[in-house]
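1. Next one to model:
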Amino acid sequence: MQPVAITAAEFAQFQKFIFEAAGITLSDAKKALVTGRLGKRLAAHGLESFGAYFKLIASGQQPQEMQTAVDLLTTNETYFFREIKHFEFMRAQALVARSRPEPYRVWSAASSSGEEAYSMAMVLMDCMQTTPWEILGTDISTRMIEGARRGLFSMERGRHIPPEYLRRFCRKGTGNYDGMLLVDRSLRSKVLFRHLNLNAALPQLGQFDLVFLRNVMIYFNQDTKRDVVARVISTLKPGGYFCIGHSESLNDISSAVRMVAPSIYQKPL
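-> I've put the predicted structure just below:
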């Protein structure tokens, strides 16, 4: 069966759809991505055009299919201990915080399939001793959240895990799971994953000592960046820290935090 082509008008519909749903701006260069990722959904529903598929998700009659489309159009590229300096910074802050009685709270605000949140958990499990700590991982993709909760990853994604952490916190897959690693149950139980759209009003999440919002803003336009960053920073405790991707910047985005190191910002006390 020949793959179905997407027209310019149909592509424009999906550009508008994903912007309104997730604040993500799809350039015209992403037409092949949209065709490839959504093409199988046309076949699954016996549809002959992307326009017909758009009508299906826009009708509201199948809300789960709308979420499936959002999941498929959300780019998720991550691995354990990506941009290691942020985790080194986190460890230093956690070592200071472990002298206090209240929990040290961290949020992985675009956690994708979970590698970032589990990397955080390895650091905190290693250094916090008896001080309580909490990690929240959120993502707009329900498919990513479900995978994150399982904690099963390819060994390739774990290539940057420090050897000691790999031994302590991961289990090597065998048989059908050869080439995979499973995050140990003791670590999985310490991370709460939940579905959340950063492009909408946030639910009550409490206040955090540290938030990672990394390598996400590149998909947003300027106005959306300002709105999302403002929402996320509002959850930071005074004196809390905010980490973005090394290729990103808060110039003309927010003055509510000050840079303390490249890609690391602090909310004033």
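
2. where does the residue nearest to residue 84 when sequence neighbours are not counted land on pLDDT?
-> The spatial neighbour of residue 84 that comes closest, neighbours along the chain excluded (C-beta to C-beta, 6 or more residues apart in numbering), is residue 160 at 7.0 Å. C-beta here means a position set from N, CA and C on the backbone, and glycine is covered the same way. pLDDT, residue 160: 95.

3. For residue 214, see how far away residue 160 is.
-> 15 Å (C-beta to C-beta, to the nearest Å).

4. So between the two, which is more surrounded?
-> Between residue 160 and residue 214, residue 214 has the larger neighbour count (other C-beta atoms under 10 Å), namely 21 against 15.

5. which element is the nearest residue to residue 100 once chain neighbours are set aside on?
-> The shortest distance from residue 100 to any non-neighbouring residue, by C-beta to C-beta, 6+ apart, is to residue 131 (7.1 Å). When elements are assigned from DSSP states H and E, residue 131 belongs to no helix and no strand.

6. do residue 33 as well
-> helix 31-45.

7. Tell me the gap between that helix and the middle of its chain.
-> Centroid displacement of helix 31-45 relative to its chain, using C-alpha atoms, centre = their mean, to the nearest Å, is 23 Å.

8. Please spell out which residues along that helix are buried.
-> 31, 34-35, 37-39, 41-42 (16 or more other C-beta atoms under 10 Å).

9. if you average pLDDT over that helix, what comes out?
-> The average pLDDT for helix 31-45 rounds to 91.

10. that's a helix at residue 265, yeah?
-> No. Using DSSP: H, G, I helix; E, B strand; the rest coil, the assignment for residue 265 is strand, not a helix.

11. Could you check the pLDDT of it?
-> pLDDT, residue 265: 98.

12. Would it be right to say that residue 187 lies in a helix?
-> Yes. Counting by three-state DSSP, residue 187 is part of a helix.

13. Show me where the stretch 51-200 of the chain dips below the pLDDT cut-off.
-> 75-76 (pLDDT under 70).

14. how about the helices of it, start to end?
-> For the stretch 51-200 of the chain, applying DSSP state H, counting those that start in this stretch gives helices covering 63-73, 84-97, 115-127, 142-150, 163-169, 185-188.

15. of all those, which gets the most neighbours per residue?
-> helix 115-127 (a mean of 24; mean count of other C-beta atoms under 10 Å).

16. Which one of the helices of the stretch 51-200 of the chain lies nearest to residue 269?
-> Proximity to residue 269 (C-beta to C-beta) singles out helix 84-97 among the helices of the stretch 51-200 of the chain, at 14.5 Å.

17. tell me the contacts of the nearest residue to residue 242 once chain neighbours are set aside?
-> In space, residue 242 comes closest to residue 265 once its chain neighbours are excluded; the distance is 4.5 Å by C-beta to C-beta, 6+ apart. By C-beta atoms under 8 Å, 6 or more residues apart in numbering, the residues touching residue 265 are 241-244, 250, 257-259.
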